[in-house]
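S.K.: Task: produce atomic coordinates for the following.
(one chain, ligands or ions: 1)
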Amino acid sequence: MPRLIADRPFLKLTSELGQVMAAARVREQTGARVLHLERGEPDFGTPAHIVEALAAAARAGETHYPDARGSLAFRQTLVEKLERENGIRCEPDDVTITQGGTHALFLAFQSLLGPGDELLVLSPHWMAIPKLVSLSHGARYRTMPAYLDAMEGTLAPGALASRLRGALAPETRGIYLNTPNNPTGAVLSREALAEIAAVAVERDLWVVSDEAYEHLLFDGYRHVSVASFPGMAERTVSVFTFSKSYAMTGWRLGYAVSPPALRPVLGPLLSFYTTHGVFPSVQSAGRAAVKGPQDAVETMRRAYQERRDLLLAGLSGQDAVRVPTPRGAFYAFANVEAVRAGRDIWDLVREWLDLGVAVLPGTAFGPENRDWVRMSLATRREDVAEAARILRAHVAAAPRAGVRAG
Ligand SMILES: Cc1ncc(COP(=O)(O)O)c(C=O)c1O
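M.R.: Below is the predicted model of the structure:
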């Protein structure tokens, strides 16, 4: 029998999210209720004016083959947005419209990584990253812890740069970063990004900057794009998506901004031969999203922050489930070392599911995160508050082996 493509180890599909969702469904089928804190999908509808723009564009006949790079009008709109909001100066030919952020990352890794290359991935990291790297000609990835320290404020100035220098290997081609971060909610400071930028320039590395949550920051924190630092635009592929900012997950709309050296590669080659571009009416709707009123974005941001506050308040005053304050995205990453008490993290996830609270094990975001779980705030505020109440009562009642302070 010919060798099946799925025989290659890196193509084995494992999905912790799929496992938790399946287990939650089994419970729901028995009539029991589940509070869904495992999913990372906005629970809001797409703003009405964006939906209307799609309908109008489709009625006007924007239904034919697209330019694989994206329409010039949309790319021009994004050039203006990138300069205004991200401090990135580029030209329409540097922007490629993609089928969501995932596709933009796929194109970035395809263009930058080859066999034997390695990508240094700051961790914990979004669970799709290892697969997207492996699909890039079998390239490898290695992780370097960053976000938990950033979130807990335990990184001294210069520490991130020296950690990076220590982690780089001769085969390292680039660094992947993601701020605000999924799953921790950490936001990298301007100083931390400056350190990453300095090492990238010093060692002549690519940077892939995943800015999927660029509009979801709390407590006055500001988003900074690493490509805006001197010397970075020529070595950074910045990735953006409409999924989170505008609650447009199903529309599959995102974009990559890349240096001029990649102009012939990303749009005309990789986008053309993977998807042949994005439905033109969806692009017009995306243009309406960027040019139109932004109050829906702000309403959603506030809602996530309010839910974050509810979760933190609901779990305050106990130290069994310790939640460092997320400053962005819509997740809380909770330390459960004390309640895991040496068990497999899945035992704890199942125990909580039996209480009706679905969360994702931290191991979904790197095997070293076995003392953590991710709780999504992209669910109703009542459910977030109820989940916190249930967990608080549960840990108060349960005997524990050891308690970590904080
Ligand atoms: C960090 C991060 N990057 C990129 C994406 C890609 O999102 P999409 O493909 O829906 O644009 C996600 C989605 O969850 C994410 O969490």
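S.K.: Dig out what Val239 forms beta bridges with.
M.R.: Asp210, Ala256 (DSSP bridges).
S.K.: Give me the neighbour count for it.
M.R.: Using other C-beta atoms under 10 Å, Val239 is surrounded by 27 other residues. Just so you know, the C-beta spots here come from the backbone N, C-alpha and C atoms, and that holds for glycine as well.
S.K.: residue nearest the centroid of this protein?
M.R.: In the chain, the centroid-proximal residue (C-alpha atoms, centre = their mean) is Asn182; its distance is 4.4 Å.
S.K.: Give me the secondary structure label for that one.
M.R.: coil (DSSP: H, G, I helix; E, B strand; the rest coil).
S.K.: Need the phi and psi values for Ser376.
M.R.: phi -90, psi 140 (degrees, to the nearest 10).
S.K.: Correct me if wrong: it contacts Leu37.
M.R.: Yes: between Ser376 and Leu37 there is a contact at 5.1 Å, judged by C-beta atoms under 8 Å.
S.K.: hmm, back to that, leaving out the residues flanking it, which one is nearest to the residue nearest to the centre of the chain?
M.R.: Trp126 (4.8 Å; C-beta to C-beta, 6 or more residues apart in numbering).
S.K.: got a list of what the residue nearest to the centre of the chain touches?
M.R.: Asn182 makes contact with 40, 126, 212-213, 329, 331, 365 under the criterion C-beta atoms under 8 Å, 6 or more residues apart in numbering.
S.K.: any chance you could map the helices in the stretch 1-150 of the chain?
M.R.: 16-29, 48-59, 72-81, 100-112, 129-134, 147-152 (DSSP state H, counting those that start in this stretch).
S.K.: Would you quantify the distance from Ala247 to Gly185?
M.R.: 18 Å (C-beta to C-beta, to the nearest Å).
S.K.: which one of those two has more residues nearby?
M.R.: Gly185 (29 against 21).
S.K.: Up against the ligand, what does this protein have?
M.R.: 40, 100-102, 126, 178, 182, 210, 212, 241, 243, 249, 254 (C-beta under 6 Å from any ligand atom).
S.K.: Buried ones among those?
M.R.: Listed as buried from the residues of the chain next to the ligand are 40, 100-102, 126, 178, 182, 210, 212, 241, 243, 249, 254; burial here means 16 or more other C-beta atoms under 10 Å.
S.K.: For Val208, which residues are in contact?
M.R.: 105, 108-109, 112, 119, 174-177, 236-237, 239.
S.K.: So for it, what pLDDT did the model give?
M.R.: At Val208, the pLDDT value in this model is 98.
S.K.: what's the offset of the helix or strand hosting it from the middle of its chain?
M.R.: Element membership for Val208, per DSSP states H and E: strand 206-210. The chain centroid and the centroid of strand 206-210 are separated by 13 Å under C-alpha atoms, centre = their mean, to the nearest Å.
S.K.: try stretch 297-306
M.R.: The answer for stretch 297-306 is 17 Å, by C-alpha atoms, centre = their mean.
S.K.: Contacts for it, please.
M.R.: So stretch 297-306 is contacted by 42, 44, 215-219, 245-247, 330, 377-378, 381 (C-beta under 8 Å, 6+ apart).
S.K.: swap in stretch 372-387?
M.R.: In contact with stretch 372-387 (C-beta under 8 Å, 6+ apart) are residues 35-43, 124, 183, 303-304, 306-308, 310-311, 314, 323, 330-336, 345, 348-349, 352, 357, 359-362, 364-365.
S.K.: Okay then, goodbye and thanks.
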